[in-house]
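Asks: structure for this input, please:
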Amino acid sequence: MIGRLKRDPIERARMPSPHDDPPRDDDREPGWPRTGGDDRDVDDRDHDHDRARADGSYDESTQPGAPAETPPGGDPHGTDPGHDGPGEDDDRPPLHERSRLAAFLGATGYVVGVFAFSMAVFLLLSFALLPFAFVADDPMTFFESIERVLIFVDPVVMGVGTAILAAISFWRGWVPRRAVGFSVPNAREVLVVVGGVIGLLALGLVTSVVPEYFGVPPSEHALMLEEGSVQFYVGLAVLSILVIGPVEEVLFRGLIQNYLRPAYGTAGTVVVTSILFAAVHLFAYSMQAPPLETVLVSLAGIFVLSLVLGGIYERYRNIVVVSAIHGFYNAVLFLSLIWA
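Replies: Residues are numbered from 1 along each chain as shown. Here you go, the predicted structure:
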């Protein structure tokens, strides 16, 4: 036992003595107390640190031995292969700070870009199919059939345009990729989807019945005016769940809403996005040249529904949730036409 307590003479010579002068910081060896003006015991300093942690004033980065601060993105040298560029993390602002006017113009550019791409593909397909009309037995019937097909093709084309814009936005740092929020809904979010669909149906009923009570009935969406078979409406319902809902939500909530947030804040972003969302439905609700007031009533209803979707997205930041709500809501409307 005593033998264990004996130290080598050289080791004893290296141990600091309380009578020795403290070494300088640059040649201090292990065993010497910390210098720098704090002569308190280690226990006292640890006690102060614990109290600072409790009241939230403790800063780990200022303590001796703390690692160097790493910039957003995870790699202090900017060479992390897993870093996708500016604006990757959900809570980081996009690379480019923008004014409200610039943000609004940029958001409008998203909408114009997608619909211009869709229109260009639509015209290209129409001209490509035009020669077949001259050899058809009934050209009018042929064009009507093509129109029905293009109803199902157009949302897919919009999806391609939205995907291209999303890729450009992530690459340029206009919208953080992780901010869009692609994740499988948990049990709570599934309940939100169910409640959201029911809530939108109830809200849509209110926004339709109340104006009609005052003598201003809303106009009908162009697809609601189509005369089709059961298979046609079932196909539209499936298309709404798989394509229409997800594409419109990725464009307006995933891209535009995240693009606008740094300039407008949460509430302003939801409002501005809803204005754009309602505006793009102008053509669909004015196909039959209805009175202006009926079109405005319909767009007001779309605006309110978009406010709900935008608020849910801001709360859960999961694009799958709002896509499911939007898709199933549209699907119920299309299926209701079977019994109308």
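Asks: any low-confidence regions in the protein?
Replies: 1-97, 139, 222-227, 340 (pLDDT under 70).
Asks: for this structure, which helix extends over the most residues?
Replies: Ranked by number of residues, the top helix in the chain under DSSP state H is helix 100-135.
Asks: which strands or helices does that one pack on?
Replies: helix 139-172, helix 258-279 (3 or more C-beta pairs under 8 Å, 6 or more residues apart in numbering; DSSP states H and E). (C-beta placed from N, C-alpha, C; glycine too.)
Asks: got the angle for that helix vs helix 258-279?
Replies: 50 degrees (axes from the mean of the first three to the mean of the last three C-alpha atoms, to 10 degrees).
Asks: angle of helix 100-135 against helix 139-172?
Replies: Using the same axes, to 10 degrees: helix 100-135 against helix 139-172 is 150 degrees.
Asks: name the nearest residue to Val160, ignoring sequence neighbours.
Replies: Once flanking residues are discounted, Val160 sits nearest to Phe117: 7.6 Å by C-beta to C-beta, 6 or more residues apart in numbering.
Asks: returning to what we had before: Leu335: which of the helices and strands packed on helix 100-135 is closest?
Replies: Proximity to Leu335, assessed across those by C-beta to C-beta, is greatest for helix 139-172 (16.2 Å).
Asks: how about the closest one: buried residues?
Replies: Under the neighbour-count criterion of 16 or more other C-beta atoms under 10 Å, helix 139-172 has 142-143, 146, 151, 154-159, 161-162, 165-166, 169-170 buried.
Asks: out of these, who's nearest Thr207?
Replies: For the buried residues of helix 139-172, the nearest to Thr207 is Pro155 (23.7 Å; C-beta to C-beta).
Asks: I'd say that closest one and Leu236 touch.
Replies: No - using C-beta atoms under 8 Å as the test, Pro155 is too far from Leu236 to be in contact (9.7 Å).
Asks: packing partners of the helix or strand containing Val193?
Replies: Element membership for Val193 (DSSP states H and E) is helix 187-213. If contacts are counted by 3+ C-beta pairs under 8 Å, 6+ apart, helix 187-213 sits against helix 292-316, helix 319-339.
Asks: closest one to Ala133 among those helices?
Replies: helix 319-339 (28.5 Å).
Asks: what residues of the closest one count as buried?
Replies: Applying a neighbour-count criterion of 16+ other C-beta under 10 Å, one finds 319-335, 337 buried in helix 319-339.
Asks: re the thing from before, quick check: the farthest pair among the buried residues of helix 139-172?
Replies: Farthest apart among the buried residues of helix 139-172 by C-beta to C-beta are Phe142 and Phe170. That separation is 41.4 Å.
Asks: ok, and the closest non-adjacent residue to Val270?
Replies: Per C-beta to C-beta, 6+ apart, closest to Val270 is Gly310, 3.7 Å.
Asks: in contact with that neighbour, which residues?
Replies: Arg253, Gln257, Thr269, Val270, Thr273, Ser274 (C-beta atoms under 8 Å, 6 or more residues apart in numbering).
Asks: kindly report the same for Pro217.
Replies: Ser208, Pro211, Thr294, Val297.
Asks: ok, of the residues you listed, which one's closest to Ala128?
Replies: Of these, the one sitting nearest to Ala128 (C-beta to C-beta) turns out to be Thr294, at 36.5 Å.
Asks: what's the spacing between the closest one and Pro217?
Replies: In this view, Thr294 and Pro217 are 6 Å apart by C-beta to C-beta, to the nearest Å.
Asks: cool, thanks, signing off.
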